[in-house]
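Student: Predicted model and sequence below, questions to follow.
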Amino acid sequence: MAILSIQSHVAFGHVGNAAATFPLQRKGWEVWAVHTVMFAAHAGYGPPAGPIFSPETIREVVAGLERQGFLSQCRAVLSGYLGDAALGEAVLDAVARVRKHNPDAVYCCDPVMGDAAPGVYVRDNIPDFMRDRAIPAADIATPNAFELELLTGIPIVRLEDAVASCQALRRSGPDTVLLTSLEREGTPDGMIEMLTVTGEGAWLVATPKLDLTPPPNGAGDLTAALFLANLLDGLAPPDALAATSASVQAVFQATARAGTRELAILDAQEAFVTPPVAFDAVSVG
């Protein structure tokens, strides 16, 4: 079975499909990577160079997979950064095509829109598209704290706010929500948290917050891919959360040792299969 990953791609560095494909493959998943853009490097290095692919191109590639009879082998669709809402509609078309051939296929939406420091960094039509179209179609959503506030309108100050906001997002569509980059009242000093909320409960994991300057791009793309794979591998949500947190922490530690602004995905690849450190997912609801 395969994962259809529709995201941006860069020749240099690890964001979008360049952050998701190899870790998914290392975990044993076939990956069909469809690129929404093909840039030399991410925008952290300056104005990106390379083509932005049209929605028609995305549809043509997915239609080609369908004509060859491959879509019945697709277990999940993963989407990340979208340059425009029209590209998002092409992603939803792909989800519909896959579900036609495999009704059990799941859609994991990473609603990439921004972060606390830069704010919103996508086109104006993306937040509404995510809220009204993508999230309702998703089975799994993986927003960061800034994006979750943007989607639900609930300020996240305390843990109860984070859980309530995840539950509000669940009511709009996805059964499982992974909240990343959570720092709230009560987060232990020097730590950062991730929270998973499903219909069965809520679980929290805290990991050391490393001082990576500048912070590497692509961590959210990597996290979404690993969390999806861990769920598809049959782990229960709290176990998938714990395993994902451990793998991402190992990548951050390897990145710190390497002293690079790019995620050290190759250096830490064993952690995708066997994370070296275990973190406990604590029930919080």
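Tutor: Looks like it arrived, so ask away.

Student: Check whether A250 really touches Q269, as I assumed.
Tutor: No - judged on Cβ atoms under 8 Å, A250 makes no contact with Q269 at a distance of 9.4 Å. Yep, even glycine has a C-beta here, placed from its N, CA and C like the rest.

Student: more neighbours, the two?
Tutor: The neighbour comparison of A250 against Q269 (other Cβ atoms under 10 Å) goes to A250, with 21 against 18.

Student: looking at this, that one is in a helix?
Tutor: Yes - under DSSP: H, G, I helix; E, B strand; the rest coil, A250 sits within a helix.

Student: how close does it sit to G16?
Tutor: 21 Å (Cβ to Cβ, to the nearest Å).

Student: Tell me where this protein has helices.
Tutor: 17-26, 55-67, 85-101, 125-129, 135-137, 145-152, 159-171, 219-232, 237-258, 270-273 (DSSP state H).

Student: A206: which of these is closest?
Tutor: For these, the distance to A206 is smallest for helix 237-258, at 8.5 Å, taking Cβ to Cβ.

Student: I'd like the mean pLDDT over that closest one, please.
Tutor: Averaging pLDDT along helix 237-258 gives 97.

Student: now for that helix, which elements pack on it?
Tutor: strand 176-182, strand 191-198, strand 201-208, helix 219-232, helix 270-273 (3 or more Cβ pairs under 8 Å, 6 or more residues apart in numbering; DSSP states H and E).

Student: Relative to W32, which of those is closest?
Tutor: helix 219-232 (13.2 Å).

Student: Quick one: distance of that closest one to the chain centre.
Tutor: 6 Å (Cα atoms, centre = their mean, to the nearest Å).

Student: cool, stretch 162-178 as well?
Tutor: Averaging C-alpha positions (Cα atoms, centre = their mean) puts stretch 162-178 15 Å from its chain's average.

Student: And the residue nearest the centre of the chain?
Tutor: A224 (2.7 Å; Cα atoms, centre = their mean).

Student: any idea how far that one is from N17?
Tutor: To N17, A224 is 12 Å away according to Cβ to Cβ.

Student: Also F252?
Tutor: 20 Å.

Student: Neighbour count: the two, which is higher?
Tutor: Using other Cβ under 10 Å as the criterion, F252 and N17 rank with N17 on top: 27 against 23.

Student: Now for the more buried one: which residues touch it?
Tutor: Contacts here follow Cβ atoms under 8 Å, 6 or more residues apart in numbering; on that basis N17 touches S5, Q7, S8, H9, A33, H35.

Student: Just the closest of these to A116, please.
Tutor: Closest to A116, out of all of these and judged by Cβ to Cβ, is S8, at 21.1 Å.

Student: Near the closest one, how many other residues are there?
Tutor: That count, for S8 with other Cβ under 10 Å as the rule, works out to 27.
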